[in-house]
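Student: Pasting the sequence and the predicted coordinates here, then a few questions.
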Amino acid sequence: MFMKKISIVIPMYNEEANIFSMYSRLCLITKSLPDYIFEFICINDGSRDATWQCIQTIALQDDRVKGISFSRNFGVQMALTAGHDHATGDAIITIDADLQDPPELITDMIKAWEEGHYIVYARRMSRNDGFLKDLTASLYYKLLTAVADVPIPENVGDFRLIDRAVLNQINTCRERYRYWRGMVAWTGFKHTFVYFTRPERVAGQTGYTWLKLLKLAFDGITSFSMFPLKLAAYSGVFVIATGMCMFVYISCDAFLFGARYPLFKWLVTIIYIFMGVQFLLMWLLGEYIGRMHDEQKQRPLYIIEKMCGAQVVKEPLSTHSLPQNNEINVFH
């Protein structure tokens, strides 16, 4: 009897307090789904605690576990990339290790996948992250929905299931500024949602600082929208329009009503029209040119320092993984 394989990708950063609880709950779920083969791909994203030692411990006990450790912190988007590169399943589920994504929802996700959906998002009905974070998240998703070139679902994070067909398409995209939520939506495959109320973090601290959240938001907008360039155009029109109104006003006041304006006021008005546009466009053009420059470097997206688990010894790279110049493996 053919059994489908499910890969569960778990990025980790300083999650030693949550790993064993997470693993125990995943084991209970897999026991309740005996018709599937599972693999757990744990990515240590440069943790400073004992996260890697914990991954090695469970890898010794369970040959379904693959452990991947980065040489430094590359960020959750690259950790997700490494996990997907080494996934061999017919479906791939990504889930955070902090237990704010309830593992029990995996059963519903697999059921929706079997019903013919290529993408199954876990959508948050509510979250307990504090008023400010909830507000900024809501505003960000509204902005992203309004400006993105492809529809990106609101109130979904990285907890989702994707079919192998979806991953094969995403794996052809190796851009450096990666935004997985947008990349999955970009494929356009049939999708559905399962809903949950997000609990509070059980232990440890989130790896998403405000700075990292801001960078992720910026990557999401610039990767899937030309709105920043349009914003420059809108700003330029506004500056020019207000400058022209000012110029017309002082011109009429001078020629029709005999008012006297010193030369510097005329010059300031003209400079106002051009300088704002110039500096804004220079910044935006520089941002896009800088990204093009980084893409041309063709540096690896991440560097693997160590790997563990019986699976990776037999098969260090997935048969679905990408060309070797996308990653460097340094085995210890």
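Tutor: Arrived safely.
Student: Now tell me what touches the strand or helix carrying Gly182 from outside.
Tutor: Applying DSSP states H and E as the criterion places Gly182 in helix 180-186. With C-beta atoms under 8 Å, 6 or more residues apart in numbering as the test, helix 180-186 has contacts from 77, 80-81, 94, 119, 148, 150-153, 156-158, 160, 162, 166, 170, 173, 220, 223-224. All C-beta atoms are positioned from the backbone trio N, CA, C, and that covers glycine.
Student: Can you say which of the residues you listed are buried?
Tutor: 77, 80-81, 94, 119, 148, 152-153, 156-158, 160, 162, 166, 170, 220, 223-224 (16 or more other C-beta atoms under 10 Å).
Student: So which of the residues you listed are in strands?
Tutor: 94, 119, 156-158, 160, 162 (DSSP state E).
Student: all strands for this protein, in order.
Tutor: Going by DSSP E, the chain shows strands at 4-12, 36-44, 65-70, 91-94, 119-126, 156-163, 191-197, 302-308, 327-329.
Student: Phe264: which of those is closest?
Tutor: Among the strands of the chain, the nearest to Phe264 by C-beta to C-beta is strand 156-163 (54.4 Å).
Student: which strands and helices sit next to that closest one?
Tutor: Strand 156-163 is packed against strand 91-94, helix 106-114, strand 119-126, helix 180-186, with contacts defined by 3 or more C-beta pairs under 8 Å, 6 or more residues apart in numbering; DSSP states H and E.
Student: Tabulate these (CSV), appending mean pLDDT.
Tutor: Shown next, in CSV, are the helices and strands packed on strand 156-163 (pLDDT from 0 to 100):
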stretch, mean pLDDT
strand 91-94, 98
helix 106-114, 97
strand 119-126, 89
helix 180-186, 89
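Student: show me where pLDDT drops low in the stretch 151-300 of the chain?
Tutor: Filtered on pLDDT under 70, the stretch 151-300 of the chain yields the residue ranges 200-213, 215-230, 286, 290, 293-299.
Student: Let me see the ranges of the helices in it.
Tutor: With helices called from DSSP state H, counting those that start in this stretch, the stretch 151-300 of the chain shows them at 164-170, 180-186, 210-223, 227-255, 263-297.
Student: and the fourth one, which residues are buried?
Tutor: It stands for helix 227-255. 227, 232, 236, 239, 243, 246.
Student: quick one: which of those is nearest to Met275?
Tutor: The nearest member of the buried residues of helix 227-255 to Met275, counting by C-beta to C-beta, is Val239 at 8.6 Å.
Student: how far away is that closest one from Cys245?
Tutor: Remark: distance between Val239 and Cys245 (C-beta to C-beta, to the nearest Å) = 11 Å.
Student: Same question for Leu167.
Tutor: Distance from Leu167 to Cys245, counting by C-beta to C-beta: 54 Å.
Student: Next: Phe274.
Tutor: Distance, Phe274 to Cys245, by C-beta to C-beta: 15 Å.
Student: do Gln77 as well
Tutor: Note on Gln77: its distance to Cys245, by C-beta to C-beta, is 45 Å.
Student: ditto for Ser32
Tutor: Noted for Ser32: a distance of 69 Å to Cys245, by C-beta to C-beta.
Student: Could you do Met183 as well?
Tutor: Between Met183 and Cys245 the computed distance is 44 Å (C-beta to C-beta).
Student: So the protein: which segments form each domain?
Tutor: Taking automatic domain parsing as the domain assignment, the ranges for the chain are 4-212+299-329, 227-297.
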